[in-house]
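Colleague: Pasting a predicted model and its sequence here:
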Amino acid sequence: MREVEASGASALAIKPPKGSAFGCPTPPMMPKLHQACLVVGPRGAGKTTAVVNLVERLPFDRIFVISPSMKSNKELMDRLKIDLQDVFEDPDDIGALDAVKAAIEAERDDLERYLEEMRRYKRLMKAINSDNPLFRLDDGDLSDFWSSRAGNFMEPKHKWGGRRPCCALIIDDAMGSQLYSKPRRLNQFTIYHRHLGQLKAGGALGCSLFFMVQSYKATAGGISRTIRSNVTSMILFSNKNKKMLDEVAEELAGEVAPEVFHRVFQQAIRQKHDFLFVDLHRKPEHPSAFRRNLDTFLLPE
């Protein structure tokens, strides 16, 4: 097939946005954020241990959990320092997703409030330090930033120091629940997860997702095709169900050749709690999209 370049082709070139779809910087060897990570393994495989070890190495400021088993995993989950108000124990309560969304939007509103107050505060300080401050001072700014206790003007405060907070949602032991059985809201939440908490100046706070399940597919109450199609990474534990592995390989075929997937999976699973980590949006400096656990890259030959 021949190709003929269009007249004035340079003017027709696609220009991607300068910003990144992955909004929270991460340590060099960690995956990008925001994630939609699917964690699949039988009971006792080590799903919670793997997710806690991954999440605590990522720069999350606020972590939400939807899980009926949060308390039974208390020792592990305590490492993530999750606020009790951000834990939802009933996966049949579809309103939990609305609560998480509202909390992220409240974080967005507080950041917008801070940015606007900082703009006004800097304007006030500039006026005070000008040659003719008395003619440039805004009465509202004077009253809002003056502290009688400190006897001075006080700079606005923000919980996260003026930066965008990085959020995550962990969903565990929810197979068969209303959350998965009636997936419309969860599907929508997954599709828009990195667009949650949109900012006036552009961009969004976003929210990373971690789905912990025992089966890749289920006849009812399992991970939907919509969610599986939107994952950015997967953690797969040992599984003797060849059909399930074939299904994973088939759905990853657009990103990973099935024969390569099967080969690296066998290479990753050596000991009882080993897992294959597949990063579908890896950083350019990472030598491979595959890892045995988190610490060993696997380079398919």
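Modeller: On my side now, so go ahead.

Colleague: Please report the number of neighbouring residues for L186.
Modeller: Neighbour count for L186, taken as other Cβ atoms under 10 Å: 25. Yep, even glycine has a C-beta here, placed from its N, CA and C like the rest.

Colleague: part of a strand, is it?
Modeller: No - L186 is assigned helix when assessed by DSSP: H, G, I helix; E, B strand; the rest coil, not a strand.

Colleague: Find the nearest non-adjacent residue to it, please.
Modeller: Using Cβ to Cβ, 6 or more residues apart in numbering and skipping residues adjacent in sequence, the residue nearest L186 is L179, 5.8 Å away.

Colleague: Assumed E75 was part of a helix.
Modeller: Yes - counting by three-state DSSP, E75 is part of a helix.

Colleague: so where do the helices sit in the stretch 1-150 of the chain?
Modeller: All helices of the stretch 1-150 of the chain, identified by DSSP state H, counting those that start in this stretch, fall at 9-12, 47-55, 74-77, 95-128, 139-145.

Colleague: ah, wrong one, I meant the stretch 151-300 of the chain
Modeller: Counting by DSSP H, counting those that start in this stretch, the helices of the stretch 151-300 of the chain are 178-181, 184-191, 225-229, 242-251, 258-268.

Colleague: Show residues contacting the longest one.
Modeller: Right, the one you point to is helix 258-268. Here helix 258-268 makes contact (Cβ atoms under 8 Å, 6 or more residues apart in numbering) with 236, 245-246, 248-250, 252, 274-278, 290-293, 298, 300.

Colleague: Report the rounded mean pLDDT for it.
Modeller: Averaged across helix 258-268, the pLDDT comes to 92.

Colleague: And it, what's buried?
Modeller: By neighbour count on 16 or more other Cβ atoms under 10 Å, the buried set for helix 258-268 is 260-262, 264-265, 267-268.

Colleague: what's the closest of the residues you listed to A150?
Modeller: Nearest to A150 among the buried residues of helix 258-268 is A268, at 57.5 Å by Cβ to Cβ.

Colleague: For I235, see how far away that closest one is.
Modeller: Here A268 is placed at a distance of 10 Å from I235 (Cβ to Cβ, to the nearest Å).

Colleague: if I look at the two, which residues touch both of them?
Modeller: 275-277.
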